[in-house]
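Asks: Just to be clear, the model below is a prediction. Sequence and coordinates:
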Amino acid sequence: MGSLVKPSTGGSELAARKQGLARANGEAHERLAAMRPPEAAPPPPPLPGFAHFQRYWDRENGCWAVKILPGEYYVTRSDEAISTVLGSCVSACVRDPVRGLGGMNHFMLPEDAAVGPNDWLDPAIGLATRYGSYAMESLINDLLKLGAVRERLEIKLFGGGQILAAMTDVGGRNIQFVRNYMALEGYKVAAEDLGGTNPRKVIYFPVSGRARLRKLRPVENRIISRHEQLYMESLGKQAAGGDVELFE
Amino acid sequence: MARILAVDDSAAMRQMVGITLTGAGHQVQQASDGVEALEIAEKQKFDLVITDVNMPNMDGITLVRELRSRAGYRFVPLLVLTTEATVERKQQGKAAGATGWLVKPFNPERLLATVAKVLS
C-alpha cells in the first residue's frame, strides 16, 4: 500500500511541521483504511452449504461478518463473525475450541397446537419441542460432520426476551425449551444472557469463542417483533415435518 | 405391535421417537450410536430398525450396511431418520440397503404411518 506521507527534503521548521501534519493525516487515513475491507483480504471462502450468505465488513470489529435471520444458522472455521438481532428468539453459539470451528443458530418455537388427527399434547413431543430440537440438531450436526467432538462443544445461549408486554411470554417458552434441551443432551452452558425485556444484538466469533452482546433500546421492539411474527407464521408448515421416501 | 430398535446420538430425539412408538403400542429399545446398535441387534431380534445418520463411533449408513450383511437382518426394514435431505445422502442410504428415508423435523404421524407401511 502506498504511503500518503511523502519523504520531506526540506530542513526548515515549516517543512517539519508540514511533514508532521502529513504524517498525522496519513495515520488517520490508515486508521480509516483499517475499518474498510482491505483489498488484499477478501472474505474467507464459505463452507459448503453456506455460500448463499452475504458477508459484510464489520467496521467496529475490523473483520468479515455474516448476519443471520430468524430460522437460519451459519457455520464457519474462518476468522469471521456471525451476528444477529434477537427479540424473543434464542440463539445458540456453539463451537469446538480444539478444532477452531463453530456456528450460530437463531430460532423460536412454533405455537404448540395439535396437528393431524392425533393429539400430541405431551410437551416432550409437541410441535414446539420437535422443531426446537431440529434447530439445535441441524447446527450441531454440521459441526460434528466437520470434525467437532460432541463432548468438547462449548455452548453460549442468548435471547428469549419478552420484548412486547402485550404478548404471551414467547421468549420464556424459548428459554425453557433450550434449557431443557441442554440438560437432556448433557451439554453444559458456557455462558448465557437470557430473558429480560430488551432485544439484543449478538456478535459471535466462533474461532475465539468470544461473544459480544449489546442490549438494544425498546424503541426497536416493534420492528424486531414484526420480523419474528412473520417468521412464526412461516414456521407452522416447516416445523410440521420433512419428506418421507420409501426406496423400492 | 413390533419390536423396534431406535438409534440416535441425541437424547432428545431418542425420547421423542420412543414416546411416539411406545404410544402406538410398539416395544422400543434404544441405542446412541451405530456400534451400540449393532451389539444390541446381534443379541436380540428386531422387526424394524430406525436410525439417525450423523453419530459418533459408527454412522447410520454404515450401520445399515453392517446390518444388511447379517443373515438375521437381510429382510428387516431399516429406516433412516435424519436432518440430511440431499439426494446424494439418500442415494448412499439406498445403496447401503435402507428401506426408507425420513427427513427431520421429526413428525410422529408420518413416522407411525411409515412404520405401519414397512411392517405390513
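Replies: Structure's in. What do you need? Numbering: from 1, shown residues only, chains lettered A, B, ... in the order given.
Asks: For residue B:46, list the residues it contacts.
Replies: Contacts for residue B:46 (CB atoms under 8 Å, 6 or more residues apart in numbering or on different chains) come out as B:3, B:4, B:5, B:29, B:76. For glycine as for every other residue, the C-beta is placed from the backbone atoms N, C-alpha and C.
Asks: Got a ChimeraX select line for the buried ones in those?
Replies: With 16 or more other CB atoms under 10 Å in any protein chain shown as the criterion, this ChimeraX line picks the buried residues out of the contacts of residue B:46:
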select /B:4,5,29,76
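Asks: Show me the two of the contacts of residue B:46 that sit farthest apart.
Replies: Across the contacts of residue B:46, the longest distance by CB to CB is 13.6 Å; it joins B:29 and B:76.
Asks: What is the three-state secondary structure of the residue nearest the centre of chain B?
Replies: Central residue of chain B (CA atoms, centre = their mean): residue B:50, 1.3 Å from the mean position. Following DSSP: H, G, I helix; E, B strand; the rest coil, the label given to residue B:50 is strand.
Asks: Let me know whether it touches residue B:2 as I believe.
Replies: No. Using CB atoms under 8 Å, residue B:50 is not in contact with residue B:2, being 10.8 Å away.
Asks: anything in contact with each of those two?
Replies: Listed as contacting both residue B:50 and residue B:2 by CB under 8 Å, 6+ apart are residue B:115.
Asks: Quick check, residue A:185 in contact with residue B:15.
Replies: No. Residue A:185 is beyond contact range of residue B:15, at 10.2 Å (criterion: CB under 8 Å).
Asks: where exactly do the helices run in the chain?
Replies: No chain in the question, so chain A it is. Under the criterion DSSP state H, chain A contains helices at A:13-35, A:127-145, A:170-185, A:221-240.
Asks: meant chain B actually
Replies: With DSSP H as the criterion, chain B has helices spanning B:11-23, B:34-43, B:60-68, B:87-96, B:108-119.
Asks: For burial, what's the neighbour tally of the nearest residue to residue B:11 once chain neighbours are set aside?
Replies: Using CB to CB, 6 or more residues apart in numbering or on different chains and skipping residues adjacent in sequence, the residue nearest residue B:11 is residue A:184, 5.0 Å away. By other CB atoms under 10 Å in any protein chain shown, the residues close to residue A:184 number 17.
Asks: where does residue A:235 land on pLDDT?
Replies: pLDDT, residue A:235: 86.
Asks: what about residue A:95, distance to residue A:175?
Replies: Going from residue A:95 to residue A:175 by CB to CB, to the nearest Å gives 21 Å.
Asks: Between those two, tell me which one has more neighbours.
Replies: Between residue A:95 and residue A:175, residue A:95 has the larger neighbour count (other CB under 10 Å), namely 28 against 21.
Asks: and the nearest residue to the more buried one once chain neighbours are set aside, how far is that from chain B?
Replies: Among residues not flanking residue A:95 along the chain, residue A:102 sits closest, at 2.6 Å (CB to CB, 6+ apart). Here the criterion is CB to the nearest CB, to the nearest Å. By it, residue A:102 lies 17 Å from chain B.
Asks: what's the answer for residue A:45, then?
Replies: Per CB to the nearest CB, residue A:45 is found 20 Å from chain B.
Asks: OK, contacts around that residue?
Replies: Contact analysis of residue A:45 by CB under 8 Å, 6+ apart lists residue A:78.
Asks: swap in residue A:247?
Replies: B:93, B:94, B:98, B:99, B:100, B:101.
Asks: which parts of chain A sit against chain B?
Replies: For chain A, the residues in contact with chain B (CB under 8 Å from any CB of the partner chain) are A:115-118, A:120, A:122, A:124-125, A:129-131, A:133-134, A:136-138, A:141, A:144-145, A:149-150, A:181, A:184-186, A:238-247.
Asks: for chain A, what are the nearby residues on chain B?
Replies: For chain B, the contact set with chain A under CB under 8 Å from any CB comprises B:9-13, B:15-16, B:19-20, B:54, B:56, B:83, B:85, B:90, B:93-94, B:98-110, B:114, B:117-118.
Asks: how about a cut-off of 6 Å?
Replies: Proximity of chain B to chain A, by CB under 6 Å from any CB of the partner chain, involves residues B:10-12, B:15-16, B:19, B:54, B:83, B:94, B:100-110, B:114.
Asks: Counting neighbours, which of these end up buried?
Replies: The buried subset of the residues of chain B next to chain A - by 16+ other CB under 10 Å - is B:10-12, B:15-16, B:19, B:54, B:83, B:94, B:100-108, B:110, B:114.
Asks: Extract the residue ranges of chain A that are flagged as low pLDDT.
Replies: Counting by pLDDT under 70, chain A has low-confidence residues at A:1-40, A:112-121, A:166-167, A:219.
Asks: Domain boundaries for it, per the record?
Replies: Here the domain assignment for chain A is A:8-37, A:46-247, based on automatic domain parsing.
Asks: Count the residues that sit near the closest residue in space to residue A:224 that isn't next to it in sequence.
Replies: Nearest-residue entry for residue A:224: residue A:87, 4.0 Å, with adjacent residues in sequence omitted and distances by CB to CB, 6+ apart. Neighbours of residue A:87 under the rule other CB under 10 Å: 29.
Asks: Good, wrapping up.
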